[in-house]
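Asker: predicted model, plus sequence, below.
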Amino acid sequence: MTPLVLLAALCLPPPPGMPEPQPPGEAEKARVIATTSRNIVAGVVTRNDDKVRFRILKVYKGALKRGQVIDAYPAHGFYSGMPCPGMIPPPPTLKGAKGVIAFDELPAPLRWVTPQWLAEMKRTGLIADRR
């Protein structure tokens, strides 16, 4: 199931006569995040005033380097469970917030990866503790 199908399943009712789609399981969520994100990094928010900055502490996937500071912005997390999350602004991200994010382009959306999804990605070999 692609991310768009997953998102559509959260926002639109099924066509008449079609069964309600089953929500993706935790393993499927982890697989989709790992296979569709160019970068998966752990780090900490170091600045959150007029700009949000994120210092990379560990790289799981991608060409970024440990210690690099990137521009970022608050974003809704993956599969937040609320219908159509783009309809309301994301919660603010506090300076000092730590965790793993997955993204494609910079500036990076702060879409946090849960510890369960990270563990599943490692368990299935989708990512490794490289650096």
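Answerer: Cool, the structure landed. Numbers count the residues shown, from 1 in each chain.
Asker: the helix or strand where residue 43 lies: partners in the sheet, and parallel or antiparallel?
Answerer: Assigned by DSSP states H and E, residue 43 belongs to strand 39-48. Paired with strand 39-48 in the same sheet, following DSSP bridges, are strand 52-61 (antiparallel), strand 98-103 (antiparallel).
Asker: pull out the buried positions in the first one.
Answerer: The neighbour-count check on strand 52-61 (16 or more other C-beta atoms under 10 Å) flags 52, 53, 54, 55, 56, 59, 60, 61 as buried. All C-beta atoms are positioned from the backbone trio N, CA, C, and that covers glycine.
Asker: outside of that strand, which residues touch it?
Answerer: 34, 37-47, 64-74, 93, 98, 100-102, 107-108, 110, 118, 121, 127-131 (C-beta atoms under 8 Å, 6 or more residues apart in numbering).
Asker: residue 33: what secondary structure?
Answerer: Look at residue 33: counting by DSSP: H, G, I helix; E, B strand; the rest coil, its state is helix.
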